[in-house]
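Enquirer: Could you look at this predicted model? Sequence included:
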Amino acid sequence: MPPNKPPRRPTRASTLRERSNSGGAGMLGRGAPGTVPLNRALSKLGVCSRTQAARWIAEGRVEVDGAVVRDPDRAVRPETARIVVDGAEVGAATPRLVLLYKPRGVVTTRSDPNGRRTVYDLLPPELG
């Protein structure tokens with residue numbers, strides 16, 4: 001680094017990493033490795049936003065492994081925990097790989113304002 005440049009300021013991610021490594025109360029340091037706060041898990045699973053998840057958790061609408069949880073910062077492993085919201089189990093959808101030959105003239109987008117055919121028009125209804 002040239003001598004006339006000031007040192008870089010730490011990023012939020014590096015600050016959180018340092019806190020988690022030092023045993024502080026940073027978000028990454030709240031639980032065991034591989035865990036995330038419950039409200040974040042619900043958000044990442046596509047159920048709702050973190051704010052909405054925090055509300056639902058505080059209202060007692062969320063269960064983890066059969067027990068009602070009221071702390072949105074409760075550390076969970078989304079891939080192994082059984083998370084239930086309002087009686088319905090939530091979880092990540094099983095990923096599917098779709099191989100598709102895209103013919104010339106078909107555009108790769110969800111919808112086209114010009115009315116051209118899209119790759120979604122080529123998929124069966126259950127995948128589209």
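Expert: Happy to help now that I have it.
Enquirer: which element follows the helix or strand bottoming out on mean pLDDT in the chain toward the C-terminus?
Expert: Within the chain, no helix or strand scores below helix 12-21, which has a mean of 49 by mean pLDDT, DSSP states H and E. Next along the chain after helix 12-21, taking DSSP states H and E as the criterion, comes strand 36-37.
Enquirer: What are the boundaries of the helices in this structure?
Expert: With DSSP state H as the criterion, the chain has helices at 12-21, 38-44, 50-58, 119-122.
Enquirer: What is the neighbour count of T118?
Expert: Look at T118: counted by other CB atoms under 10 Å, it has 17 neighbours. For the C-beta atoms, the positions are set from N, CA and C on the backbone; glycine is no exception.
Enquirer: typo on my end, it should be P103
Expert: Neighbours of P103 (other CB under 10 Å): 9.
Enquirer: Also A32?
Expert: Neighbour tally, A32, other CB under 10 Å: 7.
Enquirer: Please name the nearest non-neighbouring residue to it.
Expert: What sits nearest to A32 in space, not counting adjacent residues and going by CB to CB, 6 or more residues apart in numbering, is A75, at 6.7 Å.
Enquirer: quick one: the spatially closest residue to S43 that is not a sequence neighbour from S111, how far?
Expert: Spatially, and ignoring its direct neighbours in sequence, S43 is nearest to R50 (4.6 Å; CB to CB, 6+ apart). Distance, R50 to S111, by CB to CB, to the nearest Å: 28 Å.
Enquirer: now swap in R96 and tell me
Expert: Distance from R96 to S111, by CB to CB: 21 Å.
Enquirer: Please say which of the two ends up with more neighbours.
Expert: Between R96 and S111, counting by other CB under 10 Å, S111 is the more crowded of the two (10 against 6).
Enquirer: give the contact list for the closest residue to the more buried one other than its chain neighbours.
Expert: Leaving aside its sequence neighbours, S111 sits nearest to T118 (CB to CB, 6+ apart; 6.6 Å). Residues in contact with T118 (CB atoms under 8 Å, 6 or more residues apart in numbering) are V106, V107, T108, T109, R110, S111, D112.
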